[in-house]
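>>> Please work out how this folds:
(one chain, ligands or ions: 2)
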Amino acid sequence: MHLKSIELQGFKSFIHKTKLEFGPGVSVIVGPNGSGKSNITDAIRWVLGEQSVKTLRGSKMEDVIFSGTKKRKPLGMAEVCLVLDNSDGFLPLEFNEVSIIRRTYRSGEGEYLINNAPCRLKDIHQLFQDTGMGTDGFSIISQGKVDEILSAKAEDRRSIIEETAGIVKYRNRKKEAARK
Ligand code: ATP
Ligand code: MG
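Ligands and ions are numbered 1, 2, ... in the order given. As a prediction, the model looks like this:
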């Protein structure tokens, strides 16, 4: 599986619809300070269901929507579409390509879609659970994260190992079963 493309519209500094395409292998995003490189990784986290505004470097969820400049009015909606190549069947869906869309409006409303079908946040979490790619995954390592892992408490380090080993889904199912 690999990231094929990401399309942003109204997300942070990406006022115009912007599509970035990636091939298999290593891709590098370069640009001057403040040009929006980290905003792209924020968009990947966000579309995969990130709920923490702090992780997204904001103070409220609305901060992901283009907030305007001297010359341009703020926008009312942010949308990110991520397309993954699933021809190796890595994700448990019978599709060679999987697209994930997240939209949010200033009113606070929003939605998620998997292959254009509306879904719940829970469905996104389940799709990426134990792949290392979801919001608890380690496919995005931000500044300071390595130090954090090294100095983490034993239980926190254990949860990192559990996610990497792919056993979180069993733990969650056990928790759910115990509740019933
Ligand atoms: P560096 O090299 O310093 O890490 P970067 O390329 O990672 O820079 P980003 O942090 O991605 O830069 O982009 C920061 C820019 O995004 C700032 O100019 C900031 O004003 C802009 N920005 C962030 N949120 C919004 C928003 N909601 N609306 C408009 N612009 C925004
Ligand atoms: Mg940056």
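
>>> Please count neighbours and contacts with C-alpha atoms only from this point.
Fine.

>>> Next, the buried residues of stretch 146-158.
Neighbour counts using 16 or more other C-alpha atoms under 10 Å place no residue of stretch 146-158 among the buried ones.

>>> gap between that stretch and the chain center?
Centroid separation between stretch 146-158 and its chain, computed with C-alpha atoms, centre = their mean, to the nearest Å, is 22 Å.

>>> residues in contact with it?
Contacts to stretch 146-158, defined as C-alpha atoms under 8 Å, 6 or more residues apart in numbering, come from no residue at all.

>>> go on, stretch 63-79?
Contacts for stretch 63-79 (C-alpha under 8 Å, 6+ apart): 8-15, 56, 58, 101-106.

>>> ok, 7 Å please
Contact partners of stretch 63-79, identified using C-alpha atoms under 7 Å, 6 or more residues apart in numbering, comprise 8, 9, 10, 11, 12, 13, 15, 102, 103, 104, 105, 106.

>>> Quick check: PyMOL command selecting the buried ones in those residues.
The PyMOL selection below is limited to those of those classed as buried (16+ other C-alpha under 10 Å):
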select buried, resi 8+9+10+11+12+13+15+102+103+104+105
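
>>> pLDDT, distance to residue 90 and secondary structure added to the contacts of stretch 63-79, as a markdown table?
Shown next, in a markdown table, are these (pLDDT from 0 to 100; distance: C-alpha to C-alpha, whole Å; DSSP: H, G, I helix; E, B strand; the rest coil):
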| residue | pLDDT | distance to residue 90 | secondary structure |
| --- | --- | --- | --- |
| 8 | 98 | 25 | strand |
| 9 | 98 | 28 | strand |
| 10 | 98 | 30 | coil |
| 11 | 98 | 28 | strand |
| 12 | 98 | 30 | coil |
| 13 | 97 | 32 | coil |
| 15 | 96 | 33 | coil |
| 102 | 98 | 21 | strand |
| 103 | 98 | 25 | strand |
| 104 | 97 | 28 | strand |
| 105 | 97 | 32 | strand |
| 106 | 95 | 35 | coil |
